[in-house]
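>>> Build the 3D model from these lines:
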Amino acid sequence: MAKQSRILAGQTAAITGAARGIGRATAAAFLRRGMRVAIGDVDLEAAERTAAELGTRAVALPLDVTERASFAAFLDGAEEQLGPLDVLVNNAGIMPLGRFVDEDDETARRMIDINLHGVIIGTKLALERMLERDRGHIVNISSQAGKFGAPGGATYSATKHAVVGLTEAVRGELHLMGAHVDVSYVMPFVVNTELGSGLGKARGMSSLEPEDVAEAIVEALQHGTVDVWVPKSAKRQFLFGSLLPRALSERMARLVKADRVLAGADHHVRRDYELRAARSGAAEAQPELQAAPERQRITQSAGE
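Presented below is the predicted three-dimensional model:
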């Protein structure tokens, strides 16, 4: 007998980096299911526009995921305005690209702060609330780069591998505690967002829309899925590849140009995206980050 789908209507969700991209699409998908959504973003003005466009059950709140006090205030504000937290989606992330040997230390630190420490902080703070009520679901946005490792995005891949490992370990601890709190991690292929602009193409793989990822997140909440591959066919490819000798699997990856998706990024196209992000207002408060070969500004609100 198929497991009954969970009802999401009436639940309260908080989403980081939700002013645009995957975060925004996820907020819209949640609202269509009758949920209430707190849109957190370092760019408060963009978050407020998004909330206004999505409707009265969405609220915008400021959020810097690298600061524990800011994250705590975000969740406090969400609960004050919308009710007890049922779902947290750790979506905020950045992806400056370039060869690892050219990457400066500040870029690496900032990526780790947002992509990993932000997820750690958010997960801890959400669990404090969820464990008291013995219910809830935390969704951490990773990437297929968190399973394969992507040339041209070594530190980014490292942070996404860490998100997978973190989520699996926390899930194990929750099981040992007998807690009824679910955790999931989502691994999309390239998504048509500003963060995903100018990337290379892999043969046989099409770019996703943010709505594709949002619907996969909804499905994970409804069915309690732990590892969420987007598209689902990527999981079969991963399992098949893991059975092959390394030399053969790597040869196949080169054949379909999977190793060129990040390494072959068009930095001129991505520079345009970074300049647009820098003009968004809140980005001006962010430290500038190096991304070889171009100097770029990155904002948390890019999500995945």
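
>>> Would you map the strands across the stretch 101-250 of the chain?
Along the stretch 101-250 of the chain, counting by DSSP state E, counting those that start in this stretch, strands occupy 137-141, 182-188, 227-230.

>>> Quick one, which of those gets closest to T167.
Closest to T167 of the strands of the stretch 101-250 of the chain is strand 182-188 (C-beta to C-beta; 4.3 Å). For the C-beta atoms, the positions are set from N, CA and C on the backbone; glycine is no exception.

>>> Please name every helix or strand in contact with the closest one.
Packing contacts for strand 182-188, counted by 3 or more C-beta pairs under 8 Å, 6 or more residues apart in numbering; DSSP states H and E, involve strand 137-141, helix 145-148, helix 154-177, helix 210-223, strand 227-230.

>>> State the distance from the nearest residue to T193 once chain neighbours are set aside to T225.
Nearest non-adjacent residue to T193, counting by C-beta to C-beta, 6 or more residues apart in numbering: G21, 3.8 Å away. G21 sits 21 Å away from T225, going by C-beta to C-beta, to the nearest Å.

>>> Adding mean neighbour count, write the strands of the stretch 101-250 of the chain out as a markdown table.
Output for the strands of the stretch 101-250 of the chain, formatted as a markdown table (neighbours: other C-beta atoms under 10 Å):
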| stretch | mean neighbour count |
| --- | --- |
| strand 137-141 | 25 |
| strand 182-188 | 25 |
| strand 227-230 | 20 |
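
>>> Indicate which one of those strands is closest to V42.
Among the strands of the stretch 101-250 of the chain, strand 137-141 comes nearest to V42, with 16.0 Å by C-beta to C-beta.

>>> So which elements touch that closest one?
Using 3+ C-beta pairs under 8 Å, 6+ apart, strand 137-141 sits against strand 87-90, helix 118-133, helix 154-177, strand 182-188, helix 210-223.

>>> any chance of those in CSV, plus distance to L75?
Shown next, in CSV, are the helices and strands packed on strand 137-141 (distance: least, C-beta to C-beta, whole Å):
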stretch, distance to L75
strand 87-90, 8
helix 118-133, 6
helix 154-177, 17
strand 182-188, 16
helix 210-223, 18
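
>>> Just name the most buried of the ones you listed.
Mean neighbour count, computed with mean count of other C-beta atoms under 10 Å, is highest for strand 87-90 among these, reaching a mean of 28.

>>> Name the residues that touch it?
For strand 87-90, contacts defined as C-beta atoms under 8 Å, 6 or more residues apart in numbering pick out 11-16, 18, 23, 26, 30, 35, 65, 75, 118-119, 122-123, 126, 136-141, 163, 217, 221.

>>> and the residue nearest to T193, how many neighbours?
Using other C-beta atoms under 10 Å, G21 has 24 neighbouring residues.

>>> Could you say which one of the strands of the stretch 101-250 of the chain comes nearest to G241?
Ranking the strands of the stretch 101-250 of the chain by proximity to G241 (C-beta to C-beta) places strand 227-230 first, at 12.9 Å.

>>> Can you give the distance of the closest one from its chain's centre?
12 Å (C-alpha atoms, centre = their mean, to the nearest Å).

>>> From the chain's centroid, how far away is stretch 136-153?
8 Å.

>>> Buried ones in it, by neighbour count?
For stretch 136-153, burial by neighbour count (16 or more other C-beta atoms under 10 Å) applies to 136-148, 150-153.

>>> low pLDDT regions in the stretch 201-304 of the chain?
Counting by pLDDT under 70, the stretch 201-304 of the chain shows low-confidence ranges at 272-304.

>>> what does stretch 169-176 contact?
T123, L127, I138, V181, V183, V226.

>>> Kindly present those as JSON lines, with separate columns for distance to T50.
As requested, the contacts of stretch 169-176 are exported to JSON lines (distance: C-beta to C-beta, whole Å):
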{"residue": "T123", "distance to T50": "24"}
{"residue": "L127", "distance to T50": "27"}
{"residue": "I138", "distance to T50": "22"}
{"residue": "V181", "distance to T50": "28"}
{"residue": "V183", "distance to T50": "26"}
{"residue": "V226", "distance to T50": "29"}
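
>>> ok, which pair from these is furthest apart?
Maximum pairwise distance among the contacts of stretch 169-176 (C-beta to C-beta): 16.2 Å, between L127 and V226.

>>> Return the strand or helix carrying T50 as CSV; C-alpha atoms alone will do.
Under the criterion of DSSP states H and E, T50 resides in helix 44-54. C-alpha atoms of helix 44-54 as CSV (Å, rounded to 0.1, in the frame of the first residue of the first chain):
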residue,chain,number,x,y,z
LEU,A,44,15.3,42.9,2.5
GLU,A,45,13.9,45.2,-0.3
ALA,A,46,13.9,42.3,-2.8
ALA,A,47,12.3,40.0,-0.1
GLU,A,48,9.6,42.6,0.5
ARG,A,49,8.8,42.8,-3.2
THR,A,50,8.6,39.0,-3.4
ALA,A,51,6.3,38.7,-0.4
ALA,A,52,4.0,41.4,-1.7
GLU,A,53,3.8,39.7,-5.1
LEU,A,54,3.1,36.2,-3.5
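
>>> Please consider this matter closed, and thank you.
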